[in-house]
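[1] Could you look at this predicted model? Sequence included:
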Amino acid sequence: MGILIDGYSGAAALPRALRRFGYECVHVQSMREIPRDYLSAHRAGQWREALVFTGDVDGLAARLREEFAPAFVAVGAHESIWLADVLSEALGLPANGEIGRRLYLDKHFAAEALAAAGVPAPLTFAATTVAEGLESAARIGSWPVVVKPINSSGSDGVSFCHGPADVERACRALLGERNICGQINDKLAVQQFASGRAYATHTVSLDGHHVLVAVFEFAKRTGPLGGAIYDCFRLISPAQHESWRELYHYSRRCLDALHVKTGPVLGEIMLTAQGPMLIEINARLAGAGTGSCAEIEAALGHSHASAYAQRLCDPQGFLRRFEAPMTMSKHVWFVAVAALEAGTVNSLAGLSRIESLVSFSDYIWKPGLGDALRPCIDQQSIPALVVLSHQDEAVVRADYEAIRALEAADVFGLKEERR
């Protein structure tokens, strides 16, 4: 029997993956209410039993030990990171420990740990007030700077500031507000801006041995209101991409510096002119798209979620599996389709045209007729995410361009909302 904390987002695929190894799950909900963004990925019927955490770690551990004798505790959505690790520790199961939890739950502490270990990373300072935010930006000494919550996920609250006025505006907008993880922003990270090619790294660790199971090159673009929104994520080949080995070795240095010993990690690394730099790290699976979809499994033979499931259920088999070089049989792109203005979805014809593209495989999510949309400002406001998959990358690229043309021509058939 296994324990899964917050089995939403990328972790929604874990119960099925675990059953392949003969394990059922008890689900533990870390919060009294499931965050709204996860409701669509909540699959209540997948669990042997469902529990809600009430704040008593020792009591929960005692009940789980007595009733289920768990073999492992699996981390789920971002909100589960602390509870999954501390509960593993209480049950005597592999955990990253108090130092590790502090480092990967606080972007400022993580940056300090990387610096102490001699791992290149952007300068990052903490700010609990507007004045500290301005002082931190001045210490960085170059523009732009990035202001963001100290512990959140996705692109929640990420602000690119080109001068003191932007820093002040971002700090005032974020401090004291609740982020998408349900926590109050009482501290912000002010970070040096790093430019270059951006990569999302998916790793799984076992007893301090780190395996890089997938890498995506991704890009952002300027949204309709001027902010940065996602463009697409492109799966890269372990055998053919020139940066794979560099990203692998740098990822291992980061994970060692941050005391990661066990579990999945999603990293964001920028390959700059000075070399790789860690922008973000989250000790969890990648999201519902890139972390677990069937197209990734078809291309690589595994996904972040399935690799983590094997690490939990068959540790030695996991190590043997990733001894051999990985190959990639298909090109897989995840293309974000943005709403460029406000309105309600008045036609599904544009989405049907996307479905007719040669490399179209699936939607991770899409809006329905009558849904109200707003101009995209971040990851959470993107209304459609399309999976393209094909053996020929030229076909995928052509279909990507076709999606962008449809987007510019109002793919959602938006009808202006009446006031």
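    Everything's here; your move. Residues are numbered from 1 along each chain as shown.

[2] When you work out contacts or count neighbours from here on, use the C-alpha atoms and nothing else.
    Fine.

[3] what are the ranges of the helices in this structure?
    14-19, 57-68, 81-90, 97-104, 107-116, 130-140, 164-174, 244-257, 294-300, 304-313, 315-321, 349-355, 393-408 (DSSP state H).

[4] dump the residue contacts of D314.
    F21 (C-alpha atoms under 8 Å, 6 or more residues apart in numbering).

[5] I'd like to know how far it sits from I5.
    With the distance defined as C-alpha to C-alpha, to the nearest Å, D314 ends up 20 Å from I5.

[6] go on, M277?
    30 Å.

[7] what about the closest residue in space to A219 that isn't next to it in sequence, neighbour count?
    In space, and not counting its chain neighbours, A219 is closest to D231: 5.4 Å by C-alpha to C-alpha, 6 or more residues apart in numbering. For D231, the tally of surrounding residues (other C-alpha atoms under 10 Å) stands at 19.

[8] Equivalent analysis for the one 4 residues further on, please.
    Using other C-alpha under 10 Å as the criterion, L235 is surrounded by 24 other residues.

[9] likewise M31?
    Neighbours of M31 under the rule other C-alpha under 10 Å: 15.

[10] Let me see the contact set for the closest residue to it other than its chain neighbours.
    Nearest-residue entry for M31: F53, 6.5 Å, with adjacent residues in sequence omitted and distances by C-alpha to C-alpha, 6+ apart. For F53, the contacting residues are 28-32, 60, by C-alpha under 8 Å, 6+ apart.

[11] what's the span of stretch 60-76 from first residue to last?
    End-to-end span of stretch 60-76 (C-alpha to C-alpha): 17 Å.

[12] Can you tell me what sits against that stretch?
    Outside stretch 60-76, the residues that touch it by C-alpha under 8 Å, 6+ apart are 1-12, 53, 81, 84-85, 87-88, 90-91, 93-94, 263, 284-285, 312.

[13] So L266 is in contact with T201, correct?
    Yes: with contact defined as C-alpha atoms under 8 Å, L266 reaches T201; the gap is 5.8 Å.

[14] returning to that earlier point: comparing the helices of the chain, which stretch has the densest surroundings?
    Greatest average neighbour count among those goes to helix 304-313 (a mean of 25), per mean count of other C-alpha atoms under 10 Å.

[15] for that helix, what is the average pLDDT?
    Helix 304-313 carries an average pLDDT of 96.

[16] same check, this time on stretch 192-200
    93.

[17] quick check, distance from that stretch to the centre of its chain.
    16 Å (C-alpha atoms, centre = their mean, to the nearest Å).

[18] Over to stretch 167-179?
    That offset, for stretch 167-179, works out to 22 Å (C-alpha atoms, centre = their mean).

[19] one step back: of the contacts of F53, which is the nearest to P224?
    P224 lies nearest to M31 out of the contacts of F53, by C-alpha to C-alpha, at 34.3 Å.

[20] residues contacting the most centrally placed residue in the chain?
    Closest residue to the average C-alpha location of the chain: A286 at 4.2 Å, with C-alpha atoms, centre = their mean. Applying C-alpha under 8 Å, 6+ apart to A286 gives the contacts 10, 202, 265-266, 292, 304.

[21] can you do 6 Å?
    By C-alpha atoms under 6 Å, 6 or more residues apart in numbering, the contact set of A286 is 10, 266.

[22] just the one 10 residues further on next, same as before
    Under the criterion of C-alpha under 6 Å, 6+ apart, the contact partners of I296 comprise S303.

[23] Distance-wise, check it relative to T327.
    12 Å.

[24] so where's the protein shaky on pLDDT?
    Within the chain, the stretches with pLDDT under 70 are 35-44, 152-156, 180-182, 227, 417-419.

[25] how does it look with 50?
    For the chain, applying pLDDT under 50 flags the ranges 419.

[26] how far away is the closest residue to A198 other than its chain neighbours from F193?
    Once flanking residues are discounted, A198 sits nearest to M270: 4.5 Å by C-alpha to C-alpha, 6+ apart. According to C-alpha to C-alpha, M270 stands 10 Å off from F193.

[27] Over to M326?
    In this view, M326 and F193 are 33 Å apart by C-alpha to C-alpha.

[28] same deal with V260?
    V260 sits 25 Å away from F193, going by C-alpha to C-alpha.

[29] who's more crowded, the two?
    Higher neighbour count among V260 and F193: V260, with 28 against 18, using other C-alpha under 10 Å.

[30] quick one: contacts for the more buried one?
    Per C-alpha under 6 Å, 6+ apart, neighbours of V260: N96.

[31] ditto for S303
    Neighbouring residues of S303 by C-alpha under 6 Å, 6+ apart: 292, 296-297.

[32] just A50 next, same as before
    A50 makes contact with 26-28, according to C-alpha under 6 Å, 6+ apart.
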